Structures are given as C-alpha cells and as structure tokens.
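Participant: Fold the following.
(chains A and B)
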Amino acid sequence: KQEVTQIPAALSVPEGENLVLNCSFTDSAIYNLQWFRQDPGKGLTSLLLIQSSQREQTSGRLNASLDKSSGRSTLYIAASQPGDSATYLCAVETSGSRLTFGEGTQLTVNP
Amino acid sequence: IAGITQAPTSQILAAGRRMTLRCTQDMRHNAMYWYRQDLGLGLRLIHYSNTAGTTGKGEVPDGYSVSRANTDDFPLTLASAVPSQTSVYFCASSRDRGETQYFGPGTRLLVL
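Facilitator: From the prediction side, this is the model:
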C-alpha cells in the first residue's frame, strides 16, 4: 500500500526566505506526482504535476523535483511571500487512477 | 466560468438518512473523483470514474455509491448516513487519468 509522508508538518518563515518542502513515498511505481496548495476552508489548487519520466517542473517561483528511485520529491519556493501561506499537499498517482495524499505541510510566511 | 461546482456547500444530516452530494464540471473532463478529507487522515479517494458510464472503487468506498450517466455530473450517494461519514467531501476532475486534477470547493457534511 502506497504511503506518502510530508516533512515538516508545519513551517514558519520570514518573508523573502527561500524554503523547501519534502515529500516521500513508499512505492516507486507511480504515474506522476502532484503538488497542491489548500487555503483554509477551501478546495485544493494544483501547483505542479511531474510525470514519472520527468525530474522536475517549474512554475514561477515554484520548482518541484522528483527522484522516483529514492521515493522523494521536494517543492522549492523562492522569495516567499505572505500570500504563500497555506497548506501544501503532495500526492502520488498509482494504478487505478488512485491519488494518495500526504497530510500536508502548513506554511506560514510572516511579513 | 469553467470549473467544478459542488452542492450543497454544507449539510447537517440525521443518521440513517439518505443523502446525495452533487458534482458538476463544465470542462468536458473524462475523469472524475470523490475524496473525503479528515483531520489526521488526509484526503482519501472514495470512488472514481475514468469516463462516462464507468466507475471504480477507491480506498474507502464502503457506504458510498456513485454513478456517471454523462460527462458532466458525478453524484455521490450515502444510502444510510452514519456519524463516521462526517467529513469534508471534495469532487475533482481531470482531462484524462494521469493528468492534473482540479478540485471543487467541497461539501461539509455533519452526520448526527
């Protein structure tokens, strides 16, 4: 059974800092890995999707990497802003259209 | 505006009652999904549909049923609600399986 772990569970940083969120998964037989953000009381917003054949994806200040063999992904956020405060969720897709989610990292960026 | 809508936004339901959560997307996506989100357990897949006319079981399907009569709609039915089904329910869709999933705003359900 696929298990996804995200570390740290919570992170508080000053505005402008670069930061890294970590995600690990137990079964390397994945189709893709997706990063989402969730604001309090809201649904999920997709940030980046990395196919299993890819090593990284970039969107603006966000960069996500994937090392399938070691079962790890990182989400790098450059020059963090208070508007980046949210919970960040990592999810891996395996057979049967199943997305398995981690429990998330709650990020607070302080002005 | 293109996207996914869910109804109702929130609901309080007596145990034993039947309830259908509605989900509609206007992006002509083939695949649709239902998840529940619980504190300490994260998001878990209930049921999915890769294309209209087909459905599949996710990680926690017991007590729930779905149908996919057309591309746009994917209702989730609780035949006889129990308190353990108290949760936030999210519907999602993707153009095809293996592609980016887009989520609705969620339905907050309290079963008493």
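
Participant: what residues does the least confident helix or strand in chain A by mean pLDDT touch?
Facilitator: One helix or strand of chain A scores below all others by mean pLDDT, DSSP states H and E: strand A:98-101, with a mean of 88. By Cβ atoms under 8 Å, 6 or more residues apart in numbering or on different chains, the residues outside strand A:98-101 that reach it are A:2-4, A:25, A:34, A:89-94, B:33, B:35, B:42-45, B:48, B:58-59, B:101. (Each C-beta comes from the backbone N, C-alpha and C, glycine too.)

Participant: Residue B:65 - how many residues pack around it?
Facilitator: 14 (other Cβ atoms under 10 Å in any protein chain shown).

Participant: which SS class is it?
Facilitator: At residue B:65 the chain is in strand, as set by DSSP: H, G, I helix; E, B strand; the rest coil.

Participant: these two touch, right, it and residue B:80?
Facilitator: No. Between residue B:65 and residue B:80 there is no contact under Cβ atoms under 8 Å: 11.2 Å.

Participant: got the residues of chain B near chain A?
Facilitator: Selection of chain B residues close to chain A by Cβ under 8 Å from any Cβ of the partner chain yields B:31, B:33, B:35, B:40-45, B:48, B:50, B:56, B:58-59, B:90, B:92, B:97-106.

Participant: do that again at 10 Å, thanks
Facilitator: B:3-4, B:6, B:31-33, B:35, B:37, B:39-45, B:48-50, B:56-59, B:88, B:90-92, B:94, B:96-106, B:108 (Cβ under 10 Å from any Cβ of the partner chain).

Participant: Now stretch B:28-44: buried residues?
Facilitator: B:29-37, B:42-44 (16 or more other Cβ atoms under 10 Å in any protein chain shown).

Participant: farthest pair in the residues you listed?
Facilitator: Across the buried residues of stretch B:28-44, the longest distance by Cβ to Cβ is 25.5 Å; it joins B:30 and B:42.

Participant: for the chain, what are the low-confidence residue spans?
Facilitator: The chain I'm using is chain A. Scanning chain A for pLDDT under 70 picks out A:96-97.

Participant: you looked at the wrong chain, it should be chain B
Facilitator: B:1-2.
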